[in-house]
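Undergrad: next input, structure requested:
(one chain, ligands or ions: 1)
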Amino acid sequence: MTTLASTGKSSPVDNTQGFYQRLLRPLLFRFDPESVHEFALRVMRFGGAPLLQPAVRSLYAFDDQKLAVRLFGRVFPNPLGLAAGFDKNAVALPFLSALGFGHIELGTVTPRPQVGNPRPRIFRLPQDGGVINRMGFPSHGVERVLQNLPTQKNRAHGSLIGINVGKNKETPLEEAVNDYRQAIEALHPYADYLVINVSSPNTPQLRELQKREPLSELIRGVQEVNPNRLPLVVKVAPDLEWKELDDVLLACSDTNVSALIATNTTFSREGLITSIDEQGGLSGKPLFTRSRDVVRYIYTHTNGELPVIAAGGVSTAPDVIEMMKSGASLVQIYTGFIYEGPSLAKRVKQDLVRFLDREGLRSVHELIGVQ
Ligand SMILES: Cc1cc2nc3c(=O)[nH]c(=O)nc-3n(C[C@H](O)[C@H](O)[C@H](O)COP(=O)(O)O)c2cc1C
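TA: Numbers count the residues shown, from 1 in each chain. Purely as a prediction, here's the structure:
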């Protein structure tokens, strides 16, 4: 992979990155990951207030027409998105949008509030650049998320909003469709696209919904409460056998799915340096290769006709480029944001533009599916 040249000059954002990596991150990493996450969300909520947001926006602003991605009849200002799970309840949209993410995926939201699994349930693996989580969909529930959404969405100028929904833990699998329908019926007015999450490893049996029949039924059920025909996206696990992924692709072609997100976190612990015995889904760098292979499989087996949104271990422009060349139209990040800090989106976008200029490309579109 090509190395990206740096301009050599240090900007205020380079300085905030140095500050994050050298000072803030070592400090934050001394505390329980979930407590740090809650603290960060409170800071972001405050930093996104009307008087402060413009300052954050101007510090992290970086736009370039070459980065725009047209997908689902919409224009994403750039291919980088914040993956689901970071802002589950829509409390920090104005701040996150000011950091320069082209899209932000909220959720997973469940219809009724639930607490999720007992804590601790997030574990950092700094040597591997990874995280293990077994959150189990803690969610404020649709009603409370709905109280936040109107103002939050209005002030997320420039970023498109995905809303990712799931089922409550106590809902039997046979009734899962009702939970997805309920959440989508309530939340769809605030979404640019909708995601049905059938791939979290932390809700018992959830991944059964990736089988062809249940998945087709689920998608059809959900489409009935999607009157504006918002793009409907399905998020898949990295642990499916190719045969099982073929089943997902068949379910998608039987129905009207707009894209797949590949992937959620993995059960696999292959290649980890850290010796850790915690249950849950692994994310971050150790997931990159598998997610990229899943992206590539979907792209090639659908002849590029079903758009793919990549997620899994992305934290640099070369990672984004590799995912896009493997077939991704958009690329999401979660764990990389924890390790790289708030300047991540700006830095990756700047590096992407430098790469496009050097290669003589006029748009990131020219990268999609080019092996
Ligand atoms: C702490 C944590 C919580 C997550 N919660 C969700 C979630 O609620 N819904 C979901 O679809 N994915 C969730 N994810 C998965 C991410 O959206 C993403 O698919 C995965 O972490 C791979 O990307 P990454 O390596 O950039 O983190 C979560 C990930 C982490 C680390």
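Undergrad: pLDDT of stretch 233-246, averaged?
TA: In this model, stretch 233-246 has a mean pLDDT of 96.
Undergrad: that one near the ligand anywhere?
TA: Yes - using C-beta under 6 Å from any ligand atom, we find that stretch 233-246 touches the ligand at residue 235. Bear in mind the C-beta positions are built from the backbone N, C-alpha and C, glycine included.
Undergrad: ok, and what's touching that stretch?
TA: Under the contact criterion C-beta atoms under 8 Å, 6 or more residues apart in numbering, stretch 233-246 has outside partners 84, 162, 164, 193-199, 201, 207, 210-211, 215, 219, 248, 252, 257-268, 287, 290-291, 294, 297-298, 301, 309, 312.
Undergrad: now, which of those lie close to the ligand?
TA: Of these, the ones that also sit near the ligand (C-beta under 6 Å from any ligand atom) are 84, 164, 197, 264-265, 287, 312.
Undergrad: restricted to strands, list the contacts of stretch 233-246.
TA: Cross-referencing these against strands under DSSP state E gives 162, 164, 193-197, 259-262, 309.
Undergrad: pipe those residues into CSV and attach pLDDT and neighbour count per row.
TA: CSV is the format used below for the ones in strands among the contacts of stretch 233-246 (pLDDT from 0 to 100; neighbours: other C-beta atoms under 10 Å):
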residue, pLDDT, neighbour count
162, 98, 27
164, 98, 25
193, 98, 24
194, 98, 23
195, 98, 26
196, 97, 27
197, 96, 27
259, 98, 23
260, 98, 25
261, 98, 29
262, 98, 33
309, 98, 28
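Undergrad: so which of those is the closest to residue 120?
TA: Ranked by distance to residue 120 (C-beta to C-beta), the ones in strands among the contacts of stretch 233-246 are led by residue 197 at 22.5 Å.
Undergrad: from residue 259, how far off is the closest one?
TA: With distances taken as C-beta to C-beta, to the nearest Å, residue 197 is found 14 Å from residue 259.
Undergrad: and the residue of the stretch 51-200 of the chain found nearest the ligand, what does it touch?
TA: With C-beta to the nearest ligand atom, the shortest gap between the stretch 51-200 of the chain and the ligand falls at residue 85, namely 2.2 Å. Residues in contact with residue 85 (C-beta under 8 Å, 6+ apart) are 107-108, 133, 135, 334.
Undergrad: so what's the backbone phi/psi at it?
TA: Per-residue torsions, residue 85: phi 110, psi -20 (degrees, to the nearest 10).
Undergrad: residue 105 now?
TA: Dihedral angles (degrees, to the nearest 10) for residue 105: phi -100, psi 110.
Undergrad: in the sheet, which residues pair with it? Tell me.
TA: Note on residue 105: beta-bridge partners residue 162, judged by DSSP bridges.
Undergrad: count of neighbours near it?
TA: Using other C-beta atoms under 10 Å, residue 105 has 29 other residues around it.
Undergrad: separation between it and residue 80?
TA: Per C-beta to C-beta, residue 105 is found 12 Å from residue 80.
Undergrad: pull up the overlap in contacts between the two.
TA: Any residue near both residue 105 and residue 80 by C-beta under 8 Å, 6+ apart counts here, and that gives residue 332.
Undergrad: nearest residue to residue 315 other than its sequence neighbours?
TA: Once flanking residues are discounted, residue 315 sits nearest to residue 336: 3.0 Å by C-beta to C-beta, 6 or more residues apart in numbering.
Undergrad: oops, could you answer that again for residue 153 instead?
TA: Excluding its sequence neighbours, the residue lying closest to residue 153 (C-beta to C-beta, 6+ apart) is residue 190, at 4.9 Å.
Undergrad: correct me if wrong: that neighbour contacts residue 151.
TA: No - when contacts are counted by C-beta atoms under 8 Å, residue 190 is not listed as touching residue 151 (10.6 Å).
Undergrad: looking at the ones next to the ligand among the contacts of stretch 233-246, which two lie furthest apart in space?
TA: 164 and 287 (17.9 Å).
Undergrad: pLDDT score for the residue nearest the centre of the chain?
TA: Residue closest to the average C-alpha location in the chain (C-alpha atoms, centre = their mean): residue 83, at 1.5 Å. On pLDDT, residue 83 comes in at 98.
Undergrad: pop out the phi and psi values for it.
TA: When quoted as degrees, to the nearest 10, the phi and psi of residue 83 stand at phi -70, psi 160.
Undergrad: could you look up the SS state of residue 123?
TA: The three-state label given to residue 123 by DSSP: H, G, I helix; E, B strand; the rest coil is strand.
Undergrad: what about the residue nearest to it when sequence neighbours are not counted, neighbour count?
TA: What sits nearest to residue 123 in space, not counting adjacent residues and going by C-beta to C-beta, 6+ apart, is residue 132, at 4.6 Å. Under the neighbour criterion other C-beta under 10 Å, residue 132 is assigned a count of 24.
Undergrad: read off the pLDDT value for residue 132.
TA: 98.
Undergrad: what does residue 206 give?
TA: 88.
Undergrad: returning to that earlier point: okay, the residue of the stretch 51-200 of the chain closest to the ligand and residue 163: tell me how far apart.
TA: For residue 85, the distance to residue 163 - C-beta to C-beta - is 13 Å.
Undergrad: perfect, I'm done here.
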